[in-house]
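Q: Coordinates for the following, if possible.
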Amino acid sequence: MLQEPLPTNSCLIVGGGFGGLTAALSLAEQQPRRPVVLIEPRQQFLFQPHLYELLSEELQAWEVAPAYRDLLSNRGISWIQDRVVSINSSAQTVSTAAGHKFHWEQLLVASGSGPNDFGIPGVKDNALGFQNLDDVHQLKRLIRELRRQRLNNASLVIVGAGPTGVELACKLADLLEGRARLHLIEQGATILPNSPAFNRERAAAALERRDVTVHLETAVTAVTPTSIELNSGNPLAHHGLIWTAGSRPNLPDISPAPAMARGRLAIDAQLRLVDQPSVFAIGDVSCCESEPWPSTAQVAMQQGVAVARSIQQQQLDEHPTAFRFEDRGEMLSLGIGDATLTGMGITLAGPLAFGIRRATYLTRLPGLSLGLRAAGAWLLGR
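A: Numbering: from 1, shown residues only. Predicted structure coming up:
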């Protein structure tokens, strides 16, 4: 294990997703400037809300997955392309997969989440996900194959009718143009259980128009390469299965073992671990039981800005202020050129909502210059 010294008074960030990257950029803007180190194994930041448009080629890869070297260039942030495997908060060190050990003055854990198969047999080996660029490429190949084969009984199954499952079902239906029957399976009693009623109604109508078969109150018990077992006892054949039913935090080993809440790091309203206040945590790895914030990109980004302020306050021996989430509404893609949005006093659906959604997300890309570049490309038709 190689001991690697970091600059004095450094802030170390584990994970460069929405929360971690926003925090790093916010810290880099503070005065006086302080060393910021980001440890992130991927080469590219992934703007997941636009994976659907990458799948349909309505957006280009550089708009959805910009390189970290471009986002962090000339911002005074040191990027280490590695993965943190363990954290020792007593010694104030982190160890990485490449065998390095770094000492930190202040630490932010923002390592995000991954798919959760809930231990259901066959999911890991037989299901696709929809969380990264590899998933998009695999789905594109599957779509091309189904369109080429023109099978009479082809079917695709999506498990999980939250935002990812619903948005993906609408987009796949448009891309497949009737070449495969789409099934959307949801264990609960409704699609989009946490969404506003307007968005839920518009999504249900969009699924019905596209002839997507929705199976509510249906649980998956096992998955094989060609079929899916359900609690109803009636297996469902498939030519492809996409799993969007849940996620779990990507946590390195932490010692001493921290307090947990709902399977995540328990944090206080100031975004600090409840039993290790020298460590901050945001995004999908954290849970504040007094304030159950949703696991969304807008929460993580707002936490990124807030935690940068709290870190600065802590450095100045001031008490960090509590995080206050500002709900800016929900926007859902409902197929090619279609969307629905609710929030900030607005309810809107259709092509105009799609344009507003796209423009809004592009301007929220971490790193304003990239967002403006992407918005300009859209306005000029690329």
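
Q: Give me the domain ranges for this structure.
A: 2-41+82-115+247-315, 123-243, 330-379 (automatic domain parsing).

Q: so which of these gets nearest Ser73?
A: domain 330-379 (9.2 Å; CB to CB). (Glycine included, C-beta is placed from N, CA and C.)

Q: Glu63 and His50 touch, don't they?
A: Yes. Taking contacts as CB atoms under 8 Å, Glu63 lies within contact range of His50: 6.9 Å.

Q: which of these two has more neighbours?
A: Using other CB atoms under 10 Å, the more surrounded residue of Glu63 and His50 is Glu63, with 24 against 21.

Q: that's a helix at that one, yeah?
A: Yes. Under DSSP: H, G, I helix; E, B strand; the rest coil, Glu63 sits within a helix.

Q: With Gly345 as the reference, measure out to it.
A: Relative to Gly345, Glu63 is positioned 28 Å away (CB to CB, to the nearest Å).

Q: what kind of secondary structure is the residue of the chain most remote from its centre in?
A: Most distant residue from the mean C-alpha position of the chain: Asn152, 35.2 Å away (CA atoms, centre = their mean). Following three-state DSSP, Asn152 is assigned to coil.

Q: same thing with Thr190?
A: Judged by three-state DSSP, the three-state class of Thr190 is coil.

Q: again with the one 10 residues further on
A: Arg200 carries the three-state label helix when classified by three-state DSSP.

Q: Now it: closest residue in space, sequence neighbours ignored.
A: Distances taken as CB to CB, 6 or more residues apart in numbering put Leu192 closest to Arg200, at 4.6 Å, once the chain neighbours are dropped.

Q: That neighbour and Glu167, how far apart?
A: Distance, Leu192 to Glu167, using CB to CB: 10 Å.

Q: before we move on, back to that, and the residue farthest from the centre of the chain, how far is that from Arg179?
A: According to CB to CB, Asn152 stands 10 Å off from Arg179.

Q: How about Phe130?
A: Distance of Phe130 to Arg179, given as CB to CB: 19 Å.

Q: now swap in Cys288 and tell me
A: For Cys288, the distance to Arg179 - CB to CB - is 45 Å.

Q: ok, now Val159?
A: In terms of CB to CB, Val159 sits 20 Å off from Arg179.

Q: and if you look at Gly17?
A: Applying CB to CB, the value for Gly17 to Arg179 is 34 Å.

Q: do the same with Leu230
A: Leu230 is 24 Å from Arg179, by CB to CB.

Q: swap in Ile311?
A: Ile311 is 51 Å from Arg179, by CB to CB.

Q: same deal with Met344?
A: For Met344, the distance to Arg179 - CB to CB - is 39 Å.

Q: give me the low-pLDDT residue ranges for the chain?
A: Scanning the chain for pLDDT under 70 picks out 1-5, 7-9, 362-382.

Q: switch the cut-off to 80
A: 1-9, 31-32, 344, 358-382 (pLDDT under 80).
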